[in-house]
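>>> I need the structure of the sequence given here:
(one chain, ligands or ions: 1)
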Amino acid sequence: MRIDVVSLFPDFIERCAGFGVTGRARERGLVSLHAWNPRDYAEGNYRKVDDRTFGGGPGMVMLVEPLRRCLAAMRRADPQPAHVVHLSPQGRRLDQRKVRELAARPRLALLCGRYEGVDERLVQAEVDEELSIGDYVLSGGELAAAVVVDAVARLQDGALNDAASAAQDSFEDGLLDCPHYSHPVEHPYGTVPEVLRSGNHAAIARWRRQQALGRTWERRPDLLAGRDLSRQDAALLEAYLRGRDG
Ligand SMILES: Nc1nonc1C(=O)N[C@@H]1CC[C@H](O)C1
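Alright, predicted model coming up:
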């Protein structure tokens, strides 16, 4: 998978994507990352990339022409068409379903805004979709782009040492993850649940499913809204809630 990132701070993503699973995915050639700086395509001595917004009001807007030239150079660099994503609070909220969809694409181009954002004409002419990582305002789209790079890189075949772990991640089946424990079994903070030490894989799977259902019910009921639970899941959740409420 190729990922191009258009950003006024190209080394930002380079650094963020150099650690752990994402760094390993790049070392293994599963993901290639290419940064493009619109300032390299701006005119004049100051290589101007932003200007005041029409209509008045505070803040600056990223100019359409340096971005157009930058994206043209990015497209010329590889014949594989790029799916262009603009990271913006005005975008659809990123979720694991969307991450899986993006991870299946051969090439992504992530457009990172700065200042008040990007001239709308560039968005309308060049952007395939806008995505938001949350309802808050960042100083730039780079952190959001780094989130996308991390989330899609780890889903590349061979990125995780244990391929099964991606399938068990939170949200993979629309639920929050179950709790996890390791050594020691006994600690002043508590004891590892007996079932996890039982060796009974069916019981462990049941317990984990029940914990995932219960935690989702308690913390993110929106993920269960409108979802038809199987009879087994409904029974597990009911038992979880009974046990919680005594
Ligand atoms: N929330 C978000 N999810 O994706 N991107 C953002 C975000 O706040 N972007 C900033 C807004 C103006 C500046 O251009 C960049």
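>>> then the helix or strand where His86 lies to PDB, C-alphas only?
Here His86 sits within strand 83-93, counting by DSSP states H and E. Extracted in PDB, the C-alpha atoms of strand 83-93 (Å, rounded to 0.1, in the frame of the first residue of the first chain):
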ATOM      1  CA  HIS A  83      -7.900   8.000  -3.300                       C
ATOM      2  CA  VAL A  84      -7.700  11.500  -1.900                       C
ATOM      3  CA  VAL A  85      -8.800  12.000   1.700                       C
ATOM      4  CA  HIS A  86      -9.000  15.500   3.300                       C
ATOM      5  CA  LEU A  87      -8.800  15.300   7.100                       C
ATOM      6  CA  SER A  88     -11.300  17.800   8.400                       C
ATOM      7  CA  PRO A  89     -13.900  18.400  11.200                       C
ATOM      8  CA  GLN A  90     -16.400  18.700   8.400                       C
ATOM      9  CA  GLY A  91     -15.700  15.100   7.400                       C
ATOM     10  CA  ARG A  92     -17.500  11.800   8.200                       C
ATOM     11  CA  ARG A  93     -16.300  10.400  11.500                       C
END
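>>> is the helix or strand following it anywhere near the ligand?
Downstream of strand 83-93, the first helix or strand assigned by DSSP H and E is helix 96-103. No: using CB under 6 Å from any ligand atom, helix 96-103 stays clear of the ligand, with a minimum separation of 12.6 Å. Any C-beta I mention is one placed from the backbone N, CA and C, and that applies to glycine too.
>>> give the contact list for Gln96.
151, 169-172 (CB atoms under 8 Å, 6 or more residues apart in numbering).
>>> what about the longest helix in the chain?
helix 201-219 (DSSP state H).
>>> In that helix, which of the residues would be classed as buried?
Buried residues in helix 201-219, counted by 16 or more other CB atoms under 10 Å: 204, 207-217.
>>> Over to stretch 233-246?
233, 236-237, 240.
>>> can you redo those residues as CSV with secondary structure and distance to the ligand?
CSV is the format used below for the buried residues of stretch 233-246 (DSSP: H, G, I helix; E, B strand; the rest coil; distance: CB to the nearest ligand atom, whole Å):
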residue, secondary structure, distance to the ligand
Asp233, helix, 32
Leu236, helix, 35
Leu237, helix, 32
Tyr240, helix, 34
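>>> how much space between Pro89 and Ala73?
27 Å (CB to CB, to the nearest Å).
>>> State the next helix or strand along the chain beyond the worst-scoring helix or strand of the chain on mean pLDDT.
Within the chain, no helix or strand scores below helix 163-168, which has a mean of 64 by mean pLDDT, DSSP states H and E. Next helix or strand after helix 163-168 toward the C-terminus (DSSP H and E): strand 186-187.
>>> thinking in terms of the whole chain, how far from its middle is that next one?
From the chain centre to the centre of strand 186-187 is a distance of 35 Å (CA atoms, centre = their mean, to the nearest Å).
>>> Kindly report the same for stretch 78-95.
11 Å.
>>> for that stretch, what is the average pLDDT?
On average, the pLDDT along stretch 78-95 is 98.
>>> Equivalent analysis for stretch 215-230, please.
96.
>>> How far away from the center of its chain is that stretch?
21 Å.
>>> What of stretch 181-188?
Centre to centre, stretch against its chain (CA atoms, centre = their mean), the figure for stretch 181-188 is 31 Å.
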